[in-house]
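*Asks:* how would this look folded up:
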Amino acid sequence: MMILSGDPPRSRVLSLLLIVIVTVLALAPFLFPGAKAMNVATKICIFALLVASYDLLLGYTGTVSFAHTMFYGIGSYGIAIALYAMGPTWSAVATGIVIGLPLAALLALCIGLFSLRVQAIFFAMITLAVASAFQVLASQLSWLTGGDDGRSFRLPELLRPGTVIIPKDVFGFEFNGRILTYYIVFAIAAALILTLLRIVNSPFGRVLQAVRENRFRAEALGYRTVFHLTWANVIAALVAACAGVLNALWLRYAGPETLSFTIMIDILLMVVIGGMGTMYGAIIGAAIFILAENYLQALMGAASQATAGAGIPVLPALLHPDRWLLWLGLLFIASVYFFPTGVVGKLRGKG
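*Replies:* Now for the predicted structure:
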């Protein structure tokens, strides 16, 4: 209860599902040693953190922001530019973090102070405009960001795939720099998600939920709603920037796609699938969406071949791998219809 901040899953099925996901992610380098499986596991960790940070805004305050990928991109670019300019050293990593995270927090503070006093729709439009301007700026400042090509960089030697930390003949498997990088991503993501869980179950988090339910009533009770909303925006931006740092360290690259609106849509889908205002939904939503994104096409290819071999008409064409986005959209529509409160809300008996 302490590590879960007094907010357990409250469902045996949900608890089992979370245990399975976290256990598989914790053992992923040894259960699935292939490059694709490792990339998928890492992406689930990073996006679970990114979605959890956005859920702090959308799920717990009811605030819709389209600037979340901007903070994600700031974290990525901060670490990438530092390592590109200073070389693959730990001091460069520290410099990128020290510059990127405070910059994200400062921008979030400015956006919050100047925009959160207006109605929700106007705040959403302001964040969209700021994010679009930042994306254009990142593409135009090619001398700093690498323009449309982005910035590739080398990692410190300890984190490189060729660095063997524990030889294979010791435990029967090789523990190298790539696996160490994965566990850094996993540990930081887990720690920050637990921190967010603690925040939303604190008195500060209760005020955020009161603001979400009725902002005018919260103000009438004496709560400084703009103060709480602004700090929620800053915390969410800091965590999103941390996710960007982890993503850049894993990919050894940062580019304008980290700022794209497509990622923003993906984040919204994961929040809705998992369940808004739950934090656990971030883990469930990220796992479902990313697994579908990476393996649905292959599964459809196998199903198409099987139905074609069985002589079933129409189905092979419908299940063709090129139509995977159509089926992904249908799966999302079905999840919203059957799980209006998300997977977590359904398992907790709320929908």
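*Asks:* would you check that residue 14 makes contact with residue 347?
*Replies:* Yes - the criterion here is C-beta atoms under 8 Å, and residue 14 meets it with residue 347 at 4.2 Å. Backbone N, C-alpha and C define where each C-beta goes, glycine included.
*Asks:* more neighbours: which of those two?
*Replies:* Neighbour totals were compared for residue 14 and residue 347, and residue 347 leads with 25 against 22 (other C-beta atoms under 10 Å).
*Asks:* now do the contacts for that one.
*Replies:* 9, 11, 13, 14, 17 (C-beta atoms under 8 Å, 6 or more residues apart in numbering).
*Asks:* buried members of those into ChimeraX, please.
*Replies:* Selection command for ChimeraX covering only the buried members of the contacts of residue 347, criterion 16 or more other C-beta atoms under 10 Å:
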select :9,11,14,17
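*Asks:* in this protein, which spans are strands?
*Replies:* 151-152, 164-166, 175-176, 253-254 (DSSP state E).
*Asks:* need the least confident one among the ones you listed, by mean pLDDT.
*Replies:* Lowest mean pLDDT of the strands of the chain: strand 164-166, a mean of 84.
*Asks:* so what does that strand touch, helix or strand wise?
*Replies:* Counting contacts by 3 or more C-beta pairs under 8 Å, 6 or more residues apart in numbering; DSSP states H and E, strand 164-166 is packed against strand 175-176, helix 177-200.
*Asks:* ok, residue 315 - contacts?
*Replies:* By C-beta under 8 Å, 6+ apart, the neighbours of residue 315 are 304, 307.
*Asks:* where does pLDDT dip in the stretch 51-200 of the chain?
*Replies:* Scanning the stretch 51-200 of the chain for pLDDT under 70 picks out 116-120, 169-171.
*Asks:* for it, what spans make up the helices?
*Replies:* Using DSSP state H, counting those that start in this stretch, the helices found in the stretch 51-200 of the chain span residues 68-86, 90-115, 120-140, 142-145, 168-171, 177-200.
*Asks:* need the longest helix for this structure.
*Replies:* If you go by DSSP state H, the chain has its longest helix at helix 280-309.
*Asks:* quick one: work out the angle between it and helix 177-200.
*Replies:* For helix 280-309 against helix 177-200, the angle by axes from the mean of the first three to the mean of the last three C-alpha atoms, to 10 degrees is 130 degrees.
*Asks:* give the buried residues for helix 280-309.
*Replies:* Residues 280-290, 292, 296-297, 300, 303-304, 307 are the ones in helix 280-309 that count as buried (16+ other C-beta under 10 Å).
*Asks:* same question for stretch 197-210.
*Replies:* The neighbour-count check on stretch 197-210 (16+ other C-beta under 10 Å) flags 197, 198, 199, 200, 201, 205, 207, 208, 209, 210 as buried.
*Asks:* quick one: terminal-to-terminal distance for it?
*Replies:* Distance across stretch 197-210, first residue to last, is 17 Å (C-alpha to C-alpha, to the nearest Å).
*Asks:* counting neighbours, what do you get for the nearest residue to residue 305 once chain neighbours are set aside?
*Replies:* Among residues not flanking residue 305 along the chain, residue 316 sits closest, at 7.7 Å (C-beta to C-beta, 6 or more residues apart in numbering). Residue 316 has 17 neighbours, counted by other C-beta under 10 Å.
*Asks:* for the one 4 residues further on, same thing?
*Replies:* When neighbours are counted by other C-beta under 10 Å, residue 320 registers 16.
*Asks:* for it, phi and psi?
*Replies:* Main-chain dihedrals, residue 320, degrees, to the nearest 10: phi -60, psi 140.
*Asks:* measure the residue lying closest to it once chain neighbours are set aside to residue 142 for me?
*Replies:* Leaving aside its sequence neighbours, residue 320 sits nearest to residue 304 (C-beta to C-beta, 6+ apart; 5.4 Å). Here residue 304 is placed at a distance of 43 Å from residue 142 (C-beta to C-beta, to the nearest Å).
*Asks:* so where do the helices sit in the stretch 201-350 of the chain?
*Replies:* Using DSSP H, counting those that start in this stretch, helices in the stretch 201-350 of the chain cover 203-213, 215-220, 225-251, 261-274, 280-309, 315-318, 324-338, 342-347.
*Asks:* for residue 148, which of those is the nearest?
*Replies:* helix 261-274 (15.4 Å; C-beta to C-beta).
*Asks:* so that closest one versus helix 324-338, what angle?
*Replies:* Helix 261-274 runs at 40 degrees relative to helix 324-338, counting by the same axes, to 10 degrees.
*Asks:* ok and helix 261-274 relative to helix 68-86, angle-wise?
*Replies:* Per the same axes, to 10 degrees, the angle that helix 261-274 makes with helix 68-86 is 130 degrees.
*Asks:* counting by contacts, list what helix 261-274 packs against.
*Replies:* With contacts taken as 3+ C-beta pairs under 8 Å, 6+ apart, helix 261-274 sits against helix 35-61, helix 68-86, helix 280-309, helix 324-338, helix 342-347.
*Asks:* how big is the angle separating the second one from helix 120-140?
*Replies:* Orientation of helix 68-86 against helix 120-140 (the same axes, to 10 degrees) gives an angle of 20 degrees.
*Asks:* now helix 68-86 - C-alpha only, CSV.
*Replies:* The C-alpha trace of helix 68-86 is given here as CSV (Å, rounded to 0.1, in the frame of the first residue of the first chain):
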residue,chain,number,x,y,z
HIS,A,68,2.7,17.6,-24.4
THR,A,69,4.8,16.4,-27.2
MET,A,70,6.7,19.7,-27.2
PHE,A,71,8.0,18.9,-23.7
TYR,A,72,8.7,15.3,-24.8
GLY,A,73,10.7,16.8,-27.7
ILE,A,74,12.6,19.3,-25.4
GLY,A,75,13.8,16.4,-23.3
SER,A,76,14.9,14.5,-26.4
TYR,A,77,16.6,17.4,-28.1
GLY,A,78,18.3,18.5,-24.8
ILE,A,79,20.2,15.3,-24.4
ALA,A,80,20.8,14.9,-28.1
ILE,A,81,22.3,18.3,-28.6
ALA,A,82,24.5,18.0,-25.5
LEU,A,83,25.9,14.6,-26.5
TYR,A,84,26.4,15.7,-30.1
ALA,A,85,28.2,18.9,-29.1
MET,A,86,30.2,17.6,-26.1
